[in-house]
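Engineer: Kindly return the folded structure for what I paste below:
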Amino acid sequence: MTIGWPALIAGGIGLLAAGAGIAYFVPRPAPGANSPQSTAAGAVHPMAGALPSAPASGAPADVVVTLTPEAIQRAGIVIAPVSPGRDTSTLRLPGVVEPNAYKQVVITPLVGGRVTRVLAELGQSVRRGQPLAEIFSPELAEAETRFVSARAELDAHERELQRTEKLVEIGSASRQELERLHAEHTVKLTAVESAKSRLELLGLSPSTIANLGPGKEVGAVTTVFAPLAGVVTERAANAGLNVDTTAKLFTVVDLSTVWVVADLYEKDFSRVSVGTSATVRTKAFPDTALKGKVSYIDPQVNPETRTAKVRVEVANPKQELRLGMFADVTIEAEGGGAAALIPHAAVQNVGNETAVYVADPQQPGRFIEREVRLGARSGNDVAVLSGVKPGDRVVAEGSFAVRAERDRLGLRPTEAPAGANAPAAASQSAPAHEPQG
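Structural biologist: Model (predicted):
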């Protein structure tokens, strides 16, 4: 039987209508329902988790690490609460005892010659003006001879001047002759003063110079005296040693005050200034606390250690502090105030940041990495100036295991996209397992 074109057209229209009706009555998935593909893609690693809510638009997303109870037990993780406290604002720095450079003198001879006697020993305490050594000096003998000769010529010229003045009064000598003698007298007087100054520079006392004269023995021995009271810390002088004016004979240090020099880290520069109080202790005398103040801060920073030298001057009346001793310097740094206290073991260095891991109170085993700014350390605790607050709970022991898991998963803080509402934008987790089959 042959079907005509009108019948075929009518049959096609009927089939289209039937298909549209079937599609209309088939139930559709609800909006937002997960498809099998999305469910598979949303599966996460059992060791990682995601934040339930997204951060503000453009803010860095938190890094979250989720551990199973078995992993927490194996890592020995202990959670501790953040307690309220105060930033003690103290700095503990290692230091070294050094001499007070303003009370340290290197003694050199005032005249060249040969050392004949040494009157001080290494480590001996000396008083100011005490003889330390004697030096035989031909230069000194020559200077004394020149002085005696100049003074003898001056005495003779003064007698001649007196006779000439009497002769002028009676008209037996001219005034021109008297004026010439006055000029010569000035020259000879100047020569005597010059020779006397030379002897003073060579270390002779005024009384010794006054006793020099014709017929008296000219001394060629000079004495080296201690310029200040202190302890002989170096001795290079020995009998028979030939020395000049640059030779180092002794070093005398006044140990009544000493310097304790410590290294101050760059991050603490703003907390210490000249005049800040400090306390010095040593292992040799742990019960002795010496009070002092910061007297100097080096304007130069060591490029290798990124530290600057800080000098604390302390009294040393019993001379218990010896040069070169190690000391513990506690500086009462500027600042301080209310702060949160956490165990120091909770702190981890992540890149260039300092962070702790805060336990999520609503989801056990979920830890949020939080950047913190630390204050002063006191014993096993450290003050936190920002990042956590009292009442938070942080990983006190085993924080390294949490950080290791973070590094293993490759979690990094990212910028949350604007308007992101999906949990994936709020945190990072481990790559999802691919569905099997």
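
Engineer: Residue 189: neighbouring residues, count only.
Structural biologist: 15 (other Cβ atoms under 10 Å). Any C-beta I mention is one placed from the backbone N, CA and C, and that applies to glycine too.

Engineer: ok, now which ones touch it?
Structural biologist: Residue 189 makes contacts with residue 154, as judged by Cβ atoms under 8 Å, 6 or more residues apart in numbering.

Engineer: So for the helix or strand hosting it, what gets flagged as buried?
Structural biologist: Taking DSSP states H and E as the criterion, residue 189 maps to helix 175-201. Within helix 175-201, the residues scored as buried using 16 or more other Cβ atoms under 10 Å are 181, 188, 191, 192, 195, 196, 198, 199.

Engineer: what element comes up after that helix heading to the C-terminus?
Structural biologist: helix 206-210.

Engineer: Which of the three states applies to residue 309?
Structural biologist: Residue 309 carries the three-state label strand when classified by DSSP: H, G, I helix; E, B strand; the rest coil.

Engineer: what about stretch 261-280, average pLDDT?
Structural biologist: The average pLDDT within stretch 261-280 is 90.

Engineer: buried stuff in that stretch?
Structural biologist: 261, 262, 263, 264, 268, 271, 272, 276, 278, 279, 280.

Engineer: can you list those residues in CSV and add distance to residue 112 and secondary structure?
Structural biologist: Formatted as CSV, the buried residues of stretch 261-280 follow (distance: Cβ to Cβ, whole Å; DSSP: H, G, I helix; E, B strand; the rest coil):
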residue, distance to residue 112, secondary structure
261, 36, strand
262, 42, strand
263, 43, strand
264, 45, strand
268, 51, helix
271, 53, helix
272, 48, coil
276, 48, coil
278, 45, strand
279, 48, strand
280, 43, strand
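
Engineer: Residue 141 and residue 222 touch, don't they?
Structural biologist: No: with contact defined as Cβ atoms under 8 Å, residue 141 does not reach residue 222; the gap is 10.0 Å.

Engineer: Settle it for me: which of those two has more neighbours?
Structural biologist: residue 222 (23 against 16).

Engineer: What helix or strand is that one located in?
Structural biologist: Assigned by DSSP H and E, residue 222 falls within strand 221-225.

Engineer: which residues sit against that strand?
Structural biologist: 107, 109-111, 113, 116, 129-137, 140, 202-204, 237, 249-250.

Engineer: rerun at 10 Å
Structural biologist: Identification of contacts with strand 221-225 by Cβ atoms under 10 Å, 6 or more residues apart in numbering yields 107-111, 113, 115-120, 126, 128-137, 139-141, 199, 202-205, 208, 237, 243, 249-250.

Engineer: same thing with stretch 98-106?
Structural biologist: By Cβ under 10 Å, 6+ apart, stretch 98-106 touches 226-231, 233-234, 236, 248-261, 295, 311, 313-314, 316, 321, 323-325.

Engineer: Only the buried subset of these, as a PyMOL command please.
Structural biologist: In PyMOL syntax, the buried subset of the contacts of stretch 98-106 is picked out as below (16+ other Cβ under 10 Å):
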select buried, resi 226+229+230+231+249+250+251+252+253+254+255+257+258+259+260+261+295+311+313+314+316+321+325
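
Engineer: could you pull out the helices for this structure?
Structural biologist: Secondary structure of the chain (DSSP state H): helices located at 5-25, 36-41, 69-75, 138-169, 175-201, 206-210, 399-409.

Engineer: Report the separation between the two terminal residues of stretch 238-253.
Structural biologist: 20 Å (Cα to Cα, to the nearest Å).

Engineer: for it, what is the average pLDDT?
Structural biologist: The model assigns stretch 238-253 a mean pLDDT of 94.

Engineer: Just give me how far it sits from the chain centre.
Structural biologist: 36 Å (Cα atoms, centre = their mean, to the nearest Å).

Engineer: try stretch 282-300
Structural biologist: That offset, for stretch 282-300, works out to 13 Å (Cα atoms, centre = their mean).

Engineer: what does stretch 210-221 give?
Structural biologist: On Cα atoms, centre = their mean, the centre of stretch 210-221 falls 58 Å from the chain's centre.

Engineer: Just the mean pLDDT for that stretch, thanks.
Structural biologist: For stretch 210-221, the per-residue pLDDT averages 75.

Engineer: repeat for stretch 91-110
Structural biologist: In the prediction, stretch 91-110 has an average pLDDT of 93.

Engineer: How far does it stretch from one end to the other?
Structural biologist: Terminal-residue distance, stretch 91-110 (Cα to Cα): 47 Å.
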